[in-house]
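only geometry, no sequence info:
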């Protein structure tokens, strides 16, 4: 079967050096009381992001002239997995570092690169993702938000939805319609950098079922965007979001979302687990070890200039199913009632948090059904 | 051996298997006949000695390449104790012994069997019984792990097992014999100190081999499933065009990819301090995947896959047996679970990344 391949990767010495640096940084953060006992990596903490940027952990692969650190993807991989495993609050800079920055670096105007990338690297500039719309979730080709030409730029009208952290980010990259879709439905789409502080854009909060305010609806009303804020060329939007989504889908954030719960579960079960507890925990760890192996393989493929679309979809599908499985296993082997406000029982609180957020794991970044369609295409079935 | 020569050898093996492991041969093996011609071809290609060092007369394949060879053997459902012979030959050569020709099997193959080694005159004698030894009656030699009264681990190479043993077969009709070795006498040079890799027994190595074989057999199941889904038409189109079928195969592909990654992990860890953990991960993950992939492959094939006419069963019956041999998933999962719980939650991450 030739449909996909996960080559073995050996992390180079500089990646292990970086691991030590990140761990030392996180130990200092912990000592200074900046990391809560059980943090969620997606927590939005601009001060943490600033310190991570100053320590050189953002824009790891980008050229030095734009504030980056000119290191390999494998080094970046180690930074991300160490941050996630520690539950460090990376939510502020995550999207900019993972996908928006790389898009601007590869396809943005010189002016945009000079103005924005160094600020991302410094941990001072945050991005949101402007892909989904009220009538265009999984079906991105149905995008209706439109940009029309005006003097010196474009006017955007329409709405984006499920825009995580738009109320706190500085920018988003919006996928908008600038022309006709054409027969394959993939034409006529273009990406623009939208400054969320400019007039013509309003943000409406949408509370999630856990009571949190992460995502939003973003409205554009004759929002003016200059020509040099276009990312890539007019009409290239589809192929760009496709490659961007490969970055979004392949990382360790697709199987480590609730890693802290696994660590809590192990401590809760204790050093002498019952047979069933040991079996279930061992099963989870075996799944996790395999996933990490798949994910490092993808980092190696990106480093080698390949575009691991099907492999990324596989990691996200298998990884997010693991994330969904974890709280279900935890509650089977430990008798505990999840509690949203029990400050005496860290495990009950962690379980509550994960159970309430779990539905999002297999939706964000591409639903599992979309991913399975992509995998099937890779297998030659579509 | 250079990686270039390794890849030539692996390609040759793949072609040899494809050519010689025919449906007729597989059916003949199912009927209980030892496939001597196939063994001769495999031996002539040097595959049983793949993991024996070049200076000891072997091919000197790197362990990871040897594991790839076992995957190819699994893919082609080779009805021979090739994995057992490769491991036994490697261990016996590593212990300083001269590797005999012909198939070699090994044991103990499960946690409940142990063998004791006792002094007897100038030589030794064994005490104990082995269950479900692969090709235990057919193999020319049996390599066993046994401990002496002081607890030291030894390997002993027996000639053909004593006759009169219970012949058993697994779901794929591969022979799995019970060997009563009580009082079997061994000359002094047939017993050697176990090399580090086999110090704790043969279970881990056997589990590693079965994990690789399962990955190969799963790949075969997916190949059959994808081919059939694109060929078989119902309601005017190939069944692979239906989302329900697509998603079933996509899920199976995820299981296969995870199992392959876990098996890679163990192959890379060969001989390292992480070997035991990595093998446990590989056998547990591949075993779990095996059931899921076999189920999906059968579901895609409908009634046709439930016949002897379609060759899918050669792969799936092996998967159903191999997942339980050398320790089923729960055994390895429990080992992992006890290890990580004893170390505590904070120690898990360093254990996973090996740093």
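Now that the structure is in, tell me what you want to look at. Note that this is a predicted model, so its numbers are computed, not measured.

shaky segments in chain A?
Scanning chain A for pLDDT under 70 picks out A:37-39.

which strand is the longest one in it?
When chain A is parsed with DSSP state E, its longest strand is strand A:213-226.

list of residues touching that one?
With contacts defined as Cβ atoms under 8 Å, 6 or more residues apart in numbering or on different chains, strand A:213-226 is touched by A:42, A:128, A:130, A:134, A:145, A:147, A:150, A:152-167, A:172, A:174, A:192-194, A:196, A:198-208. Placement of C-beta: from N, CA and C, glycine included.

filter the residues you listed to the buried ones?
Buried positions within these, assessed by neighbour count (16 or more other Cβ atoms under 10 Å in any protein chain shown), are A:42, A:128, A:130, A:145, A:147, A:153-167, A:172, A:174, A:192-194, A:196, A:200-201, A:203.

mark which of those residues are part of strands, please.
In this view, these that belong to strands under DSSP E are A:128, A:130, A:147, A:153-161, A:172, A:174, A:192-194, A:201, A:203.

just to revisit the earlier point, contact partners of the helix or strand following the longest strand of chain A?
Once the chain leaves strand A:213-226, the next helix or strand it forms, by DSSP states H and E, is strand A:230-231. The contact list for strand A:230-231, computed with Cβ under 8 Å, 6+ apart, reads A:103-104, A:107-109, A:112, A:154, A:173, A:190-193, A:240.

sheet partners, orientation included, of strand A:230-231?
As defined by DSSP bridges, the strand partners of strand A:230-231 come to strand A:189-195 (antiparallel).

next, the angle strand A:153-161 makes with the partner strand.
Orientation check (axes from the mean of the first three to the mean of the last three Cα atoms, to 10 degrees): strand A:189-195 against strand A:153-161 gives 90 degrees.

quick one, strand A:189-195 and strand A:213-226 angle?
Using the same axes, to 10 degrees: strand A:189-195 against strand A:213-226 is 100 degrees.

ok now strand A:189-195, how far from the chain's centre?
For strand A:189-195, the separation from the chain centroid amounts to 19 Å (computed by Cα atoms, centre = their mean, to the nearest Å).

stretch A:190-197 too?
Its chain's average C-alpha position is 19 Å from that of stretch A:190-197, according to Cα atoms, centre = their mean.

identify all contacting residues around that stretch.
With Cβ under 8 Å, 6+ apart as the test, stretch A:190-197 has contacts from A:103-104, A:107-108, A:112, A:116, A:128, A:130, A:147, A:154, A:156, A:166, A:169-179, A:201, A:203, A:218, A:220, A:223, A:225, A:229-237, A:240-241.

report the longest helix in chain B, please.
With secondary structure taken from DSSP state H, chain B has its longest helix at helix B:203-231.

what sits against residue A:184?
Under the criterion of Cβ under 8 Å, 6+ apart, residue A:184 has no neighbours.

residues near residue 100, how many?
No chain specified, so I'll use chain A. Using other Cβ atoms under 10 Å in any protein chain shown, residue A:100 has 30 neighbouring residues.

I was thinking of chain B, sorry if that wasn't clear
Going by other Cβ under 10 Å, the residues that sit close to residue B:100 add up to 14.

that one reaches residue B:141, doesn't it?
Yes: using Cβ atoms under 8 Å, residue B:100 is in contact with residue B:141, at 5.5 Å.

what's the overlap in contacts for the two?
Common contacts of residue B:100 and residue B:141 (Cβ under 8 Å, 6+ apart): residue B:157.

so who does residue B:282 touch?
Contacts for residue B:282 (Cβ under 8 Å, 6+ apart) come out as B:207-208, B:211, B:259, B:262-263, B:265-266.

beyond the helix or strand containing it, next helix or strand please.
Taking DSSP H and E as the criterion, residue B:282 maps to helix B:275-301. Following helix B:275-301 in sequence order, the next helix or strand is helix B:312-322 (DSSP H and E).

what is that next one packed up against?
helix B:203-231, helix B:275-301 (3 or more Cβ pairs under 8 Å, 6 or more residues apart in numbering or on different chains; DSSP states H and E).
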